[in-house]
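Novice: what follows is a predicted protein model with its sequence.
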Amino acid sequence: MSSSEIRPFKETGQNSYHRRAFCHDYFAPFIYHIILKKAPDCESFGVVDGDAKIAPGNPGCAQIQESKLGKIIAKSILHLPYEFPILKLHQFCVMPDHVHLLIQVLFRSDKHLDFYIDSLRSVIATKYSEEANRIINDEEIFETGYCDKPLFDDRSLDGLYQYIRANPHRLAMRRQYPQFFQRIRALRIGNKVYEAYGNLFLFNNPDKMAVRISHKFSAEEKEQKIAAWLSEATKGTVLVSPFISKEEKAIRDRAEAVGSRIILITHEAFPERFKPAAHDFDLCTEGRLLIISFGLPIGTPLTRDICLQMNALAEILAYT
């Protein structure tokens, strides 16, 4: 896999282990979140150990026990800045089937970013070959290509630190509490089929209320409805809504603060490797979130008609 064979292509909007930034200058100084995916037939890089109920960083928390190959990968990553002083290693995490790497190109380079990633893969393959006493190519360890996410202004370096650091915790959560991370590709509601992800027990909860703010509400009526929704939320009632408007989003925030459970309706399909964003993931770990999707193609604009359909579904679910 040479640098000349890999060229940046446009973000798809989907979770992918081969996503690249469109028209990005890969020779410029920048910080990158790199993800390398394990080849299908390669041995695991490690196993998750520890208790997901213990917060990351505390004794007994979830962590990855690296395999021999995982240890080789970790040592090779740690050595990368010594091999190439132009690089700064901020953080990394070896997971059972992929690797997270947060690196910075300190100065403008005469090498494409691919060169440094190719070099890392090559070193790992060489060291693993020595361990296995046979020749192993890097394509036998990693899938071809990789995902890079440049740290643009709309992303937080501290947020990336926390995300990578908490990867073993999230994996342990999904392993220990699979009922809170169920994925259904064909959930039938009436005569239509939807996708669902999260705690499916919320779907059958008899106490549900649809949340929708209408422009037709008077100030007094709006205040009364918000008070009623929040009051019911404290009693365990599940709030159902696409939470589209700013006012509806604020209601969701207030409801979650008092322990409410949420059924969130969305219009776009779940990507193949879908995992909720950090906030929603935390709700899933507590069994407090179910996401129901219309399954429309990713990137479908949110039109007024779609909003009306999502609010109509919320009303149906509230009486299901």
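Specialist: Noted; the coordinates are in hand. None of the values given here were measured: they were computed from a predicted structure.
Novice: so, low pLDDT: which residues of the stretch 101-250 of the chain?
Specialist: 154 (pLDDT under 70).
Novice: one more time with 80
Specialist: Applying pLDDT under 80 to the stretch 101-250 of the chain picks out residues 153-155, 206, 235.
Novice: in it, what residue spans correspond to helices?
Specialist: 113-132, 157-165, 167-176, 219-234, 246-257 (DSSP state H, counting those that start in this stretch).
Novice: nearest to residue 189, of those helices?
Specialist: Closest approach to residue 189 among the helices of the stretch 101-250 of the chain (C-beta to C-beta): helix 246-257, 20.9 Å. Every C-beta, even on glycine, is put in place using the N, C-alpha and C of the backbone.
Novice: how far does the helix or strand just after that closest one sit from its chain's centre?
Specialist: As assigned by DSSP states H and E, the chain's next helix or strand after helix 246-257 is strand 261-268. The chain centre lies 16 Å from the centre of strand 261-268; the measure is C-alpha atoms, centre = their mean, to the nearest Å.
Novice: TSV for the helices of the stretch 101-250 of the chain, including mean neighbour count and distance to residue 101?
Specialist: As requested, these are arranged in TSV below (neighbours: other C-beta atoms under 10 Å; distance: least, C-beta to C-beta, whole Å):
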stretch	mean neighbour count	distance to residue 101
helix 113-132	19	8
helix 157-165	14	9
helix 167-176	19	12
helix 219-234	14	41
helix 246-257	16	33
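Novice: need the ones you listed in a markdown table (columns: distance to residue 200).
Specialist: As requested, these are arranged in a markdown table below (distance: least, C-beta to C-beta, whole Å):
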| stretch | distance to residue 200 |
| --- | --- |
| helix 113-132 | 39 |
| helix 157-165 | 26 |
| helix 167-176 | 15 |
| helix 219-234 | 20 |
| helix 246-257 | 19 |
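Novice: residue 91: which of those helices is closest?
Specialist: helix 157-165 (5.2 Å).
Novice: for the closest one, packing partners?
Specialist: Under the contact definition 3 or more C-beta pairs under 8 Å, 6 or more residues apart in numbering; DSSP states H and E, helix 157-165 sits against strand 30-37, strand 87-94, strand 98-105, helix 278-285.
Novice: closest to residue 265 out of those?
Specialist: helix 278-285 (13.1 Å).
Novice: list the contacts of the closest one.
Specialist: 52, 159, 162-163, 170, 173, 177, 180-181, 198-199, 256, 262, 264, 275-276, 289, 291 (C-beta atoms under 8 Å, 6 or more residues apart in numbering).
Novice: can we see that at 10 Å?
Specialist: Helix 278-285 has contacts (C-beta atoms under 10 Å, 6 or more residues apart in numbering) with 52-53, 159, 162-163, 166, 169-170, 172-174, 176-177, 180-182, 197-199, 253, 256, 260-262, 264, 275-276, 288-291.
Novice: cool, stretch 293-311 as well?
Specialist: Stretch 293-311 is contacted from outside by 12-14, 185-187, 192-197, 210-212, 214, 240-245, 248, 264-271, 274, 292, 313, using C-beta under 10 Å, 6+ apart.
Novice: start to end distance for that stretch?
Specialist: Start-to-end span of stretch 293-311 (C-alpha to C-alpha, to the nearest Å) is 12 Å.
Novice: could you pull up the mean pLDDT of it?
Specialist: When pLDDT is averaged over stretch 293-311, the result is 95.
Novice: which parts of that stretch are buried?
Specialist: 293, 294, 295, 306, 307, 309, 310, 311 (16 or more other C-beta atoms under 10 Å).
Novice: which of those fall in helices?
Specialist: Taking DSSP state H, the ones among the buried residues of stretch 293-311 that sit in helices are 306, 307, 309, 310, 311.
Novice: can I get the buried part of the contacts of stretch 293-311 as one ChimeraX selection?
Specialist: Of the contacts of stretch 293-311, the buried ones go into a single ChimeraX selection, burial set by 16+ other C-beta under 10 Å:
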select :187,194,195,196,197,210,211,212,240,241,242,243,244,248,264,265,266,267,268,269,270,292,313
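Novice: as CSV, the helices and strands packed on helix 157-165 with mean neighbour count would be great.
Specialist: Supplementary listing: those in CSV, determined by neighbours: other C-beta atoms under 10 Å:
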stretch, mean neighbour count
strand 30-37, 21
strand 87-94, 18
strand 98-105, 21
helix 278-285, 18
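Novice: compare the ones you listed and say which comes out lowest on pLDDT.
Specialist: helix 278-285 (a mean of 89).
Novice: coming back round to it: between the helices of the stretch 101-250 of the chain, which gets nearest to residue 100?
Specialist: Set against residue 100 and scored by C-beta to C-beta, these come closest in helix 157-165, at 4.6 Å.
Novice: could you check the angle strand 87-94 makes with that closest one?
Specialist: 40 degrees (axes from the mean of the first three to the mean of the last three C-alpha atoms, to 10 degrees).
Novice: over to residue 298: give its phi and psi.
Specialist: phi -60, psi 130 (degrees, to the nearest 10).
Novice: give me the distance between residue 224 and residue 215.
Specialist: 16 Å (C-beta to C-beta, to the nearest Å).
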